[in-house]
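Asks: from the sequence below, what's the structure:
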Amino acid sequence: MHILNVTGMGCGSCVVKVENAVRRLDAAAKVRVDRAQGRVEVDSAASAEALCEALAAIGYPAVPGR
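Replies: Okay, the predicted model is just below:
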């Protein structure tokens, strides 16, 4: 499981965009978004680096968290 700290998620549409970006990398990924905390938990075979890059590419800077 990867935990990412993501900035810029202000609405439900943002959550959908983040989930879709993750699933473009790994269609089987399980994604849990806590918008209030700016935290995304991802069960995926994709690397944390790849996930962060995918989110940054759509305007949501992300860094690995705890």
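
Asks: for A28, give its distance to V6.
Replies: 20 Å (C-beta to C-beta, to the nearest Å). Quick note: C-beta positions are derived from backbone N, CA and C, even for glycine.

Asks: ok, the two, which is more surrounded?
Replies: Using other C-beta atoms under 10 Å as the criterion, A28 and V6 rank with V6 on top: 23 against 8.

Asks: quick one: contacts for that one?
Replies: Contact analysis of V6 by C-beta atoms under 8 Å, 6 or more residues apart in numbering lists 18, 38-40, 55, 60-62.

Asks: can I have the buried ones of the residues you listed as a PyMOL selection?
Replies: Remark: buried members of the contacts of V6, expressed as a PyMOL selection using 16 or more other C-beta atoms under 10 Å:
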select buried, resi 18+38+39+40+55+60+62
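
Asks: of the contacts of V6, which is the nearest to R32?
Replies: For these, the residue nearest R32 by C-beta to C-beta is V40; the value is 7.1 Å.

Asks: grab the nearest non-local neighbour of the closest one.
Replies: Sequence neighbours aside, L4 is the residue nearest to V40 in space, at 4.6 Å (criterion: C-beta to C-beta, 6 or more residues apart in numbering).
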